[in-house]
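Kindly generate the corresponding structure for this input.
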Amino acid sequence: MADHILAIDQGTTSTRAMIFDRSGETVGVAQVEHRQLLPRPGWVEHDPLEIWRNVREVIGQSLARAELTRHELAAVGITNQRETTVVWDRSTGRPVHNALVWQDTRTQPMVDRLAADGGANRFAPTTGLPLSTYFAATKIAWILDHVDGARGRAEAGELLFGTMDTWVLWNLTGGVRGGVHCTDVTNASRTLLMDLETLDWDDRLLDAFGIPRAMLPGIRSSSEVYGTAPATSLVHSVPIAGILGDQQAATFGQAAFGAGDAKNTYGTGCFLLFGIGEQIVRSEHGLITTVAYRLGDGPPRYALEGSIAVAGALVQWLRDNLGFISTAPEVEALATSVPDNGGAYLVPAFSGLFAPYWRSDARGALVGLTRFVTKAHIARAALESTAFQTRDVLDAVNRDAAVPLAELRVDGGMAANAALMQFQADILGVPVVRPKVAETTALGAAFAAGLAVGFWADLDELRALWREDRRWEPTMDAAERDRLLRNWHKAVSKTLDWVDDDVR
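Predicted coordinates:
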């Protein structure tokens, strides 16, 4: 009996498959990391073929661990690192270049060139997005301009573009033998090529970036049947029925469906989404306007998003680059071995600052150092930086949105860090709430797929499945909060204007 949903979560550092039952509980999970390819400073790449191999591996492992077969799956959902860009040959299925990851900043010269005529918000009225290396459009253009013959082949319809959801879906539904080439509205809204109102590719934007329409996927809703897997697949004949970009999936998995609902995901980066309903609100304070989800033929729902480039990646940096810890979870014990940050502030602007600053010229800084400061203080400053950055985003949300945030739902790996969650509540001044199912990204993809095939009836049924695990109430004195924020903003100011013609 088909009493389960499989979710494929293709993330920045790993690919995971999770199987959920009707109550939203996990019954099987498998995860495999992939390589981070760093050919030059600021360049970040992934091997799409390695990722596709990992997708197949985790599907098999998760089914084995759950002791299930495809016959017990009602649908498959996909969620993914969003802006990461793949261009491949439709006849061979081979990428023409490694995927350019959302963190990659090699296209800054193109961003600067386009911004010189109309500013960084030149296309924001149409897309909801500022001009930035973050989004897919300039990454597609870079590949077409730097791979020999790619532009001509793309114009001839020989090459396909996709974010990772499209790459996984195309391969999962047959690849060169009839694979479905489409994306959903949430991922399309991250390309700098889609009109937020029409939910279609915009010809004016395609012309500006020099991207042939022939290589673009069709844009579909977040919850519908896109296709099925072929006979050679472990999920043969199972409907592929849900796609959501990872942050929208996490919001959906948090049952944050309505206007005023918000979540923050603490992963490689950190992403706060605040629902604004069916009407588009264009931020005036450094946030992104994005599609939150669209169910079938229903109207799209929108959100304001604050994207923070470095969160969990900073803990990895402490581990891998500085050797302060051996495993990521050790950072909490190290950070809480001291009562405060000792006056040290760490701003992780490794590739510039994202929301609400959008400063590509910024670079990371550790300030306030004295001989008193130890590695424990630096570890604490690293955790605090994630909370400070979230506060900056929340301040922008409160200025843009009509309703202030009442509580923040949290998920992702760093949400397991109780010390960080308490400091987050303290520095925000609102409760922070963690759900029982922490892996809400995969759960959101499962929810979308399940709705499409009638596995779950409606959003009310999904709301009933959400359960609170732990809540942190703010306890910090307002004066102390103000002091810490004042020093944080002073530290941020020291990172700006660092990159110029001599420093890259």
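
Please compute how far the longest helix along the chain lies from its chain's middle.
In the chain, taking DSSP state H as the definition, the longest helix is helix 375-400. Mean C-alpha position of helix 375-400 versus that of the full chain (Cα atoms, centre = their mean, to the nearest Å) differs by 18 Å.

What helices and strands are in contact with that helix?
On a contact count with 3 or more Cβ pairs under 8 Å, 6 or more residues apart in numbering; DSSP states H and E, helix 375-400 meets strand 262-266, strand 270-277, strand 301-308, helix 312-320, helix 330-335, strand 345-347, helix 418-428, helix 478-493. Using the backbone N, CA and C atoms, a C-beta is placed for each residue, glycine as well.

Please point out which parts of the fourth one sit buried.
By neighbour count with 16 or more other Cβ atoms under 10 Å, helix 312-320 contains the buried residues Gly312, Ala313, Leu314, Val315, Gln316, Trp317, Leu318, Arg319.

Please state the offset of that helix from the chain centre?
Worked out by Cα atoms, centre = their mean, helix 312-320 lies 18 Å from the chain centre.

Which residues does that helix contact?
266-270, 324-328, 331, 346, 348, 350, 378-379, 382-383, 385-386, 412-414 (Cβ atoms under 8 Å, 6 or more residues apart in numbering).

what about 7 Å?
266-269, 324-325, 328, 331, 348, 379, 382, 385, 413-414 (Cβ atoms under 7 Å, 6 or more residues apart in numbering).

next one: the shortest one
If you take Cβ under 7 Å, 6+ apart as the criterion, strand 345-347 is touched by 364-368, 378, 381-382, 385, 487-488, 491-492, 495.

same check, this time on the first one
Among residues not part of strand 262-266, those counted as contacts by Cβ under 7 Å, 6+ apart are 247, 250-251, 254, 256, 270-275, 311-312, 386, 390, 405, 408-415.

again, only using 8 Å
Contacts for strand 262-266 (Cβ under 8 Å, 6+ apart): 246-247, 250-251, 254, 256, 270-275, 311-312, 386, 390, 397, 405, 408-415, 420, 440-441.

just how off-centre is that strand within its chain?
Offset of strand 262-266 from its chain centre (Cα atoms, centre = their mean): 10 Å.

Export only the CA atoms of stretch 249-261, formatted as CSV.
Presented in CSV, the C-alpha positions along stretch 249-261 are these (Å, rounded to 0.1, in the frame of the first residue of the first chain):
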residue,chain,number,x,y,z
ALA,A,249,10.4,23.9,1.2
ALA,A,250,11.6,24.6,4.8
THR,A,251,8.9,27.3,5.1
PHE,A,252,6.3,24.8,3.8
GLY,A,253,7.5,22.1,6.1
GLN,A,254,7.1,24.5,9.0
ALA,A,255,3.4,24.9,8.1
ALA,A,256,4.2,28.6,7.7
PHE,A,257,1.6,29.0,4.9
GLY,A,258,0.1,32.4,5.6
ALA,A,259,0.9,36.1,5.7
GLY,A,260,2.8,36.9,8.8
ASP,A,261,4.2,33.4,9.2
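
buried sites along that stretch?
Ala249, Ala250, Thr251, Phe252, Gly253, Gln254, Ala255, Ala256, Phe257, Ala259, Asp261.

Now stretch 159-167: buried residues?
Leu159, Leu160, Phe161, Gly162, Thr163, Met164, Asp165, Thr166, Trp167.

what secondary structure does the third one sit in?
If I follow you right, that is Phe161. strand (DSSP: H, G, I helix; E, B strand; the rest coil).

and the gap between it and Pro212?
To Pro212, Phe161 is 9 Å away according to Cβ to Cβ, to the nearest Å.

Same check on the fifth one?
Taking Cβ to Cβ as the measure, Thr163 falls 17 Å from Pro212.

Check the first one too.
Here the criterion is Cβ to Cβ. By it, Leu159 lies 8 Å from Pro212.

One more: the fourth one?
Between Gly162 and Pro212 the distance, using Cβ to Cβ, works out to 14 Å.

mind showing which ranges of the protein have poor pLDDT?
1, 501-504 (pLDDT under 70).

if you set the cut-off to 80 instead, what comes out?
For the chain, applying pLDDT under 80 flags the ranges 1, 402-405, 438, 500-504.

The residue lying farthest from the centre of the chain: helix or strand, and which one exactly?
Here the chain reaches farthest from its C-alpha mean at Arg371, the gap being 37.9 Å by Cα atoms, centre = their mean. Secondary structure from DSSP states H and E places Arg371 outside every helix and strand.

can you map out the strands along the stretch 1-150 of the chain?
Under the criterion DSSP state E, counting those that start in this stretch, the stretch 1-150 of the chain contains strands at 4-10, 14-20, 26-33, 45-46, 73-80, 85-89, 99-100.

what's the angle between the first one and strand 159-163?
Going back to what we said before, that points to strand 4-10. 110 degrees (axes from the mean of the first three to the mean of the last three Cα atoms, to 10 degrees).

ditto for the second one
Counting by the same axes, to 10 degrees, strand 14-20 points 70 degrees away from the direction of strand 159-163.

Report the backbone C-alpha coordinates of stretch 89-98 in CSV.
C-alpha atoms of stretch 89-98 as CSV (Å, rounded to 0.1, in the frame of the first residue of the first chain):
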residue,chain,number,x,y,z
ASP,A,89,23.8,18.7,-23.5
ARG,A,90,20.3,17.4,-24.1
SER,A,91,21.5,14.6,-26.4
THR,A,92,24.2,13.2,-24.1
GLY,A,93,23.1,14.3,-20.7
ARG,A,94,26.7,15.6,-19.9
PRO,A,95,27.2,19.0,-18.3
VAL,A,96,29.3,21.4,-20.4
HIS,A,97,30.9,22.7,-17.2
ASN,A,98,30.8,22.1,-13.5
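
Not counting that stretch itself, show me its contacts.
Against stretch 89-98 from outside (Cβ under 8 Å, 6+ apart): 37, 45-49, 86-88, 143, 146-147, 150, 153, 157-160, 171, 175-176, 181.

Filter those down to the buried ones and hand me the PyMOL line.
In PyMOL, this line selects whichever of the contacts of stretch 89-98 come out buried by 16+ other Cβ under 10 Å:
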select buried, resi 45+46+48+49+86+87+88+143+147+150+153+158+159+160+171+175+181
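
Would you tell me which of the strands of the stretch 1-150 of the chain gets closest to Leu465?
Leu465 lies closest, by Cβ to Cβ, to one member of those: strand 14-20, at 9.6 Å.

picking up where we left off before, who touches both of Phe161 and Pro212?
By Cβ under 8 Å, 6+ apart, the residues touching both Phe161 and Pro212 are Ala154.

Kind regards, and thank you for your time.
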